[in-house]
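Chemist: Can you look at this prediction? I've put the sequence above it.
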Amino acid sequence: MKYTYTISLLLGVTILLTACGTPPPKLAPIMKMPNFPTYEKKTTEFEVNFNSNSNLFHNVVQSKIIKRGSSVVINVPEGISKKNMQNDTIKNTDGQDFKTKNFFNEAEQQIEKELMRRGFNVKSRSKFEAKLRSMRDNSDSINKNYYSRIYNSVPPEYQAILENLKKQFEDGTVTAKDYADQLKDFQTPITKRRSGETEELTDISEVIRAAEAGDVKADYILQINIFETDKNESVMTDLRNSRKAREFISSNPSLLKQFEKGKNRFECKSLAAKLNAKLIHVKTGDIVWIGEHSINEYTKSGTNKLIVGLTSQKYITNKSDIQNYVSKQNTHYNRIARYNKKTKYPTFEFDTKLDGPIILSGYCSQEIYPDNKKRATLARQVAKELISTIKVSE
């Protein structure tokens, strides 16, 4: 208010002097707004590599070289089997039904392929499953619990026949084999417990018995302990590990502070696969190889290539102060005050802003979405890399 009053008074005096024949005060020229310099953005781009959280070299141990041509059968524990053999259905990205069971079979087949590439003679699991069922049934046939289950499952008119059969077996007039064979004729209701269950190689002691007995034998059993293809991981990398990023930051030291305050770290969510297995020599029971490996879609062996960029731009930090200064110097009062005087512009002050990192190619998700194609790719890759570490003689 005081400033406005002074201007009004000065104008009044000027008009009064003019009216009295006194010339008006001389004014300095209008001060022009300076040309503010503009600077182009500088950008660098580089590939981001996420290190695997699994050190394959340190996670594999082998006690002896395997003879080429050795036979092997895969054993899947019950926990893995049940988890992957559910009847649930998942919709994949192209709208097709994706069966969990079929997916697990595909992943297991990749292990079989890698074993064959290493020189193993891979035995069909179905042969061992059939043998194991037979061994279980023969064992169960003379078990009282097995007899009781059949007895309680048949209609009353058949129970008398079963009682007579049991008495003949106990008296020795019927052999154990005949007794077992005849009991099987009554076990139809019992077999329903196995409907849909094709993966029965679950108990390692039974598998070893099946592998060393009868016509279908195996030298080794590959025991799968963990086979996960739907793991969720957070993967992180430090951009200071990139030579191009370091060179870009070092070209302008003012960027370093901003870079070190979090712009050097890059994090994504990722699908991951993990496989843990061991190789057992059937004859001796020795564990001759054991290994564990995991990969995700951002590791070098994964499925996603990520290109990111960093951008810097120099700018004037006191631009608004200079604009206010120029506006003030162009008031009537200040034009009178600075008449015939040199007036300097304030010195430009500069800083550089760092933007990024920004994704230029690929993707970096903060959420995990079901993607069965990637799951299958990761499963094949983790099996290939782990099984390839088994040393086989030439």
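Modeler: Sure thing, it's come through.

Chemist: All the helices of the stretch 251-394 of the chain, residue numbers only.
Modeler: Here the stretch 251-394 of the chain has its helices, by DSSP state H, counting those that start in this stretch, at 254-258, 319-329, 332-337, 372-387.

Chemist: out of the ones you listed, deepest packed?
Modeler: Mean neighbour count (mean count of other CB atoms under 10 Å) peaks for helix 372-387 among these, with a mean of 22. Bear in mind the C-beta positions are built from the backbone N, C-alpha and C, glycine included.

Chemist: For that helix, name the packing helices and strands.
Modeler: Contact here means 3 or more CB pairs under 8 Å, 6 or more residues apart in numbering; DSSP states H and E; on that basis helix 372-387 packs against helix 100-117, strand 220-238, strand 265-281, strand 287-296.

Chemist: Pairing partners for the second one, with directions?
Modeler: Counting by DSSP bridges, the strands paired with strand 220-238 are strand 71-75 (parallel), strand 265-281 (antiparallel).

Chemist: Mind listing what's buried along the shortest one?
Modeler: Looking back up the chat, that one is strand 71-75. Val72, Val73, Ile74, Asn75 (16 or more other CB atoms under 10 Å).

Chemist: now the second one: how far from Asp219?
Modeler: Spelled out, it's Val73. 9 Å (CB to CB, to the nearest Å).

Chemist: The third one too?
Modeler: Counting by CB to CB, the separation of Ile74 from Asp219 is 13 Å.

Chemist: in the sheet, who's paired with Gly365?
Modeler: Not quite, residue 365 is Ser, not Gly. Lys269.

Chemist: Give me the neighbour count for Ile150.
Modeler: 22 (other CB atoms under 10 Å).

Chemist: Determine whether the claim that it is in a helix is correct.
Modeler: Yes. The assignment for Ile150 by DSSP: H, G, I helix; E, B strand; the rest coil puts it in a helix.

Chemist: and it, how far is that from Gln182?
Modeler: Taking CB to CB, one finds Ile150 at 10 Å from Gln182.

Chemist: which residues in the stretch 51-200 of the chain form helices?
Modeler: 78-84, 100-117, 125-141, 144-153, 156-171, 176-184, 188-191.

Chemist: Let me see the contact set for Ile387.
Modeler: Ile111, Glu114, Leu115, Arg118, Ala277 (CB atoms under 8 Å, 6 or more residues apart in numbering).

Chemist: For it, report the pLDDT, please.
Modeler: At Ile387 the predicted local distance difference test score is 94.

Chemist: middle-most residue in the protein, spatially?
Modeler: Central residue of the chain (CA atoms, centre = their mean): Leu271, 2.5 Å from the mean position.

Chemist: mean confidence for stretch 68-87?
Modeler: Here the average pLDDT along stretch 68-87 is 68.

Chemist: will you turn the strands paired with strand 220-238 into JSON lines that also has distance to Leu255?
Modeler: Output for the strands paired with strand 220-238, formatted as JSON lines (distance: least, CB to CB, whole Å):
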{"stretch": "strand 71-75", "distance to Leu255": "54"}
{"stretch": "strand 265-281", "distance to Leu255": "15"}
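
Chemist: Tell me which of those sits nearest to Lys328.
Modeler: Taking CB to CB, strand 265-281 is the member of the strands paired with strand 220-238 nearest to Lys328, at 45.0 Å.
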